[in-house]
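Colleague: Return a 3D structure for these sequence lines:
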Amino acid sequence: MDATTITFEIAGPPVPQPRARMSRSGHVYTPTKNGIGVLKQAIGIRAAMEAKRRGWEPTAGPHEITVEAVFPRPASHLGRDGRPKASAAAFPGRNCGDNDNIEKGVWDAITNCGAVWVDDTQIVANACRKRYAAPGEPARTIVTIRRPPP
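Modeller: Reported below is the predicted structural model:
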């Protein structure tokens with residue numbers, strides 16, 4: 001990997017950013033019971049560590065980002081041998097969240113760490129892939145950030 005790219009993984013199931021909610025009193029908040037806070041903290045720490053290791057300073061230039069969300073298969077998808085049943089879904093559906101919500105949590109965490117970019121509006125190309133982990137593969141979130149040449 002070259003000096004224009006950093007990649008890191010966060011162990012554990014990916015967590016989509018929940019939609020903002022409004023309380024009865026009119027206060028707007030983002031629910032955190034799904035564990036998004038812990039995931040965002042881990043992403044921020046790892047992004048800052050990798051940026052420092054690569055000698056990156058936060059820039060106002062363009063960035064490209066790829067997020068791969070590897071979800072654990074539900075137990076109901078697995079046969080007695082631990083392999084997916086023929087009837088199991090081929091890809092994660094609604095129960096795993098929308099791609100944009102998975103990306104949003106990652107982008108916010110990287111913005112808040114302050115080590116990569118100034119604002120996530122600098123993202124000029126992005127991709128998010130959701131998939132189930134293969135048998136024996138751990139659930140995780142894989143993030144790749146690239147600074148394209150000027």
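
Colleague: Check what pLDDT residue 33 gets.
Modeller: Looking at residue 33, its pLDDT stands at 67.

Colleague: swap that for residue 131, sorry
Modeller: So residue 131 comes in at 96 (pLDDT).

Colleague: Return the set of buried residues in the longest helix belonging to the chain.
Modeller: With secondary structure taken from DSSP state H, the chain has its longest helix at helix 36-54. Neighbour counts using 16 or more other CB atoms under 10 Å place 36, 39-40, 42-44, 46-48, 50-51, 54 of helix 36-54 among the buried residues. (Each C-beta comes from the backbone N, C-alpha and C, glycine too.)

Colleague: hey, C-alpha coordinates of it in PDB?
Modeller: Extracted in PDB, the C-alpha atoms of helix 36-54 (Å, rounded to 0.1, in the frame of the first residue of the first chain):
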ATOM      1  CA  ILE A  36     -22.900   3.100  17.400                       C
ATOM      2  CA  GLY A  37     -21.000   5.300  20.000                       C
ATOM      3  CA  VAL A  38     -18.500   2.500  20.800                       C
ATOM      4  CA  LEU A  39     -18.000   1.800  17.100                       C
ATOM      5  CA  LYS A  40     -17.500   5.400  16.200                       C
ATOM      6  CA  GLN A  41     -14.900   5.800  19.000                       C
ATOM      7  CA  ALA A  42     -13.000   2.800  17.800                       C
ATOM      8  CA  ILE A  43     -13.000   4.000  14.200                       C
ATOM      9  CA  GLY A  44     -11.800   7.500  15.200                       C
ATOM     10  CA  ILE A  45      -8.900   6.000  17.200                       C
ATOM     11  CA  ARG A  46      -7.900   3.700  14.400                       C
ATOM     12  CA  ALA A  47      -8.200   6.300  11.700                       C
ATOM     13  CA  ALA A  48      -6.000   8.700  13.800                       C
ATOM     14  CA  MET A  49      -3.400   6.000  14.400                       C
ATOM     15  CA  GLU A  50      -3.200   5.000  10.800                       C
ATOM     16  CA  ALA A  51      -3.000   8.600   9.600                       C
ATOM     17  CA  LYS A  52      -0.200   9.300  12.100                       C
ATOM     18  CA  ARG A  53       1.600   6.200  11.000                       C
ATOM     19  CA  ARG A  54       1.400   7.300   7.300                       C
END
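
Colleague: Appreciated, that's everything.
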